[in-house]
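The sequence isn't on hand, but the structure is:
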């Protein structure tokens, strides 16, 4: 990619889908694309009758009972988005799909779906006709009367598709609903790109959904029309006679490329240029396509990208498989891509509609996602069921060809590029030029420990349990080098919900049994955690952490440095006390850097002095000086920044905390080497024992952990499950990247009115 063009490029960093045959699974979607797996469904008489389809329509000789549909079309995780069952059942299912796709896309990008205040995240989306309102909701007079006109309007109108997402996800950039018929979603992408290039937004969502109720599962074929006579779509084929309807939706997350590379986002592909133009009156009729307008849009997008047509190796066509549409589209493509360059590589044609028909408003963004996946896999995908080219296309005289099986995608001048077209009835033509993502350079990435804490949360216990299980499956196949990135992504790129689960993953060990998820309680965060510093533990203590964590190592080394000062020789016991103190301070710092701060402190012996230092009564140098019996001149204890207690739960008063003799006496007091929770004292939600290691003392049985670093991570995770903890020190995340990781485990719940059975009019 030329350096002087990089600043004008837009990165695609996240994708969320609900598509026929693939559901929400991008890997499954790619499998279906690569292998030409058809997603069309055909319905029998009983199904159609159950959906209220009249007998005369079913028996009509030109009725085709086919459509590509999504699973759980009538279901929605309304609880996740804060909708009641009553509100959910009224909402246009298309907008429900958009909400879930937006959530999934942001998680796929590694960004929290509910954004913090002050964000500039834009939303550009659209929907198809709300047939649910016409066929199902409006005929239900009781539901309409109970809801009232305003509620029906706000739940059903297209105008609210974008603003609903912005409201529910707290997205504070521009929120525009886009409507240009079949090109809606790719126009949304074009507008989102413009929003980013003008710096009105820092992140942008774009996409669309088109979902019809079961009353629309079929169509009447008209000879020469756009709908298929047999329920299959055959783009560019001699047998092409039309398309078939499909349900689904998709949303992509866009970001300026330079920002994405700087911020460690995963770039799936790059948008090099976009354009959107209209045919005007240069065509046979309002609903007819126009070759001149299509070619103009493609040329304009290439010009924006600064590229010649010869640089493109794949075109994801609008590809409706209609008698009129295919020849016009191919003639427009030939006008652009049939150049005179003698060594011109062939240009493959793609058509998602060959496996799932026409997604209407969502067709363009679905084709975009397909092409992004093709770029990532460096594979030219086939056009399903293609047998022989339509002679009207004259492909034998063109650089264009139709691939019949998946093949390796050769680069042109060192890079793979593709175009995606989408054309709407009414003449709004859109084209997007894509490039493969630039290679990832991990320069500056610092060394990371082998083990990682991974977190999952959800609104319900069942969703959290399923999410933790999915994460465990994902970990089984995760390359070890990606483990730190996964931990970072799950910790910073998700919404924190009440039901939580965590695990400590070490790549060279077998997966450990999962513990049940737990519910975080708000009052736990208010009560906080207390540290109990004991005198136990083996010195030197956790060499594993010393080797892996440079911050921990620096504090322990500071203790060793104090012992090497030329002020005297120290006996074995004194040296051990000093090292125990340094280790305890290392653990306090390690917990702080991972978001855990104490609400109360206590300890015995050297632990009492550690508590005083952790409370900022004494500095590190002052406290270790007391251990080493150095002169006390100049030491002025400060007021405690954290409440201090004796081991029996008695508060340490301000006068005591300011008395050096008090702390010297505490240093040599008799003490237990094991944790003993006080019967009275601070009202905290949890205790952490700190000696030469750190371990949460909560009523949870952990799997065996092999070293102190794993115990530290487990402690942070257990407290997080309870609702205790905060953001980690950004220094710990330096050099890490956001990567695709298992997202929220939606709980599809049926929110759908029953289809009227006594309908006198149908809308085939």
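Sure, I can see it. Predicted model only: the values in this text are computed from it and were never measured.

ranges for the helices of the stretch 501-650 of the chain?
522-527, 543-548, 550-563, 572-593, 606-614, 620-627 (DSSP state H, counting those that start in this stretch).

Which one of those has the poorest average confidence?
Least confidently modelled of these is helix 543-548, at a mean of 89 by mean pLDDT.

gap between the two ends of stretch 351-368?
This stretch, stretch 351-368, spans 11 Å end to end (Cα to Cα, to the nearest Å).

Would you mark the buried spots in it?
Going by neighbour count (16 or more other Cβ atoms under 10 Å), the buried part of stretch 351-368 is 351-368. Using the backbone N, CA and C atoms, a C-beta is placed for each residue, glycine as well.

just how off-centre is it within its chain?
22 Å (Cα atoms, centre = their mean, to the nearest Å).

Stretch 706-713 too?
29 Å.

Show me the contact partners of that stretch.
449, 451-453, 504, 506, 509, 541-542, 544-545, 548-549, 587, 590-591, 594, 692-695, 705 (Cβ atoms under 8 Å, 6 or more residues apart in numbering).

still on that earlier bit, possible to save the helices of the stretch 501-650 of the chain as JSON lines with distance to residue 74 and mean neighbour count?
Shown next, in JSON lines, are the helices of the stretch 501-650 of the chain (distance: least, Cβ to Cβ, whole Å; neighbours: other Cβ atoms under 10 Å):
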{"stretch": "helix 522-527", "distance to residue 74": "34", "mean neighbour count": "14"}
{"stretch": "helix 543-548", "distance to residue 74": "50", "mean neighbour count": "17"}
{"stretch": "helix 550-563", "distance to residue 74": "52", "mean neighbour count": "16"}
{"stretch": "helix 572-593", "distance to residue 74": "47", "mean neighbour count": "22"}
{"stretch": "helix 606-614", "distance to residue 74": "56", "mean neighbour count": "28"}
{"stretch": "helix 620-627", "distance to residue 74": "63", "mean neighbour count": "20"}
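
Would you tell me which of those gets closest to residue 416?
helix 543-548 (39.3 Å; Cβ to Cβ).

helix or strand for the residue positioned nearest the centre of the chain, which one?
Against the mean C-alpha coordinate of the chain, by Cα atoms, centre = their mean, the closest residue is residue 107 at 1.3 Å. For residue 107, the element it lies in under DSSP states H and E is helix 93-108.

The next helix or strand after that helix pairs with which strands, and in what direction?
Later in the chain than helix 93-108, the nearest helix or strand by DSSP H and E is strand 121-127. Strand pairing for strand 121-127, determined by DSSP bridges: strand 175-177 (parallel), strand 203-210 (parallel).

Distance from strand 121-127 to the middle of the chain?
Using Cα atoms, centre = their mean, the offset of strand 121-127 from its chain centre is 17 Å.

Now do the helices in the stretch 101-250 of the chain.
131-132, 141-147, 149-156, 161-169, 184-197.

picking that back up, between the helix holding residue 107 and helix 161-169, how many degrees?
Orientation of helix 93-108 against helix 161-169 (axes from the mean of the first three to the mean of the last three Cα atoms, to 10 degrees) gives an angle of 50 degrees.

and helix 93-108, what other elements does it pack with?
Helices and strands touching helix 93-108, as assessed by 3 or more Cβ pairs under 8 Å, 6 or more residues apart in numbering; DSSP states H and E, comprise strand 10-18, strand 75-76, strand 121-127, helix 161-169, strand 203-210, strand 248-256.

Determine which stretch of those is the most buried.
Counting by mean count of other Cβ atoms under 10 Å, strand 203-210 has the highest mean neighbour count of those, with a mean of 32.

Could you tell me the angle between it and helix 184-197?
170 degrees.

picking that back up, can the helices of the stretch 501-650 of the chain go into CSV with extra columns for distance to residue 664?
Formatted as CSV, those follow (distance: least, Cβ to Cβ, whole Å):
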stretch, distance to residue 664
helix 522-527, 32
helix 543-548, 29
helix 550-563, 17
helix 572-593, 12
helix 606-614, 9
helix 620-627, 6
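
before we move on, back to that, Produce a ChimeraX select command limited to the buried residues of the contacts of stretch 706-713.
In ChimeraX, this line selects whichever of those come out buried by 16+ other Cβ under 10 Å:
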select :449,451,452,453,504,506,541,542,544,545,548,549,587,590,591,594,692,693,694,695,705
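
Which of the contacts of stretch 706-713 fall in strands?
452, 453, 504, 694, 695 (DSSP state E).

can you pull the contacts of the second one?
Residues in contact with residue 453, defined by Cβ under 8 Å, 6+ apart, are 487, 491, 502, 503, 504, 713, 714, 716, 717.
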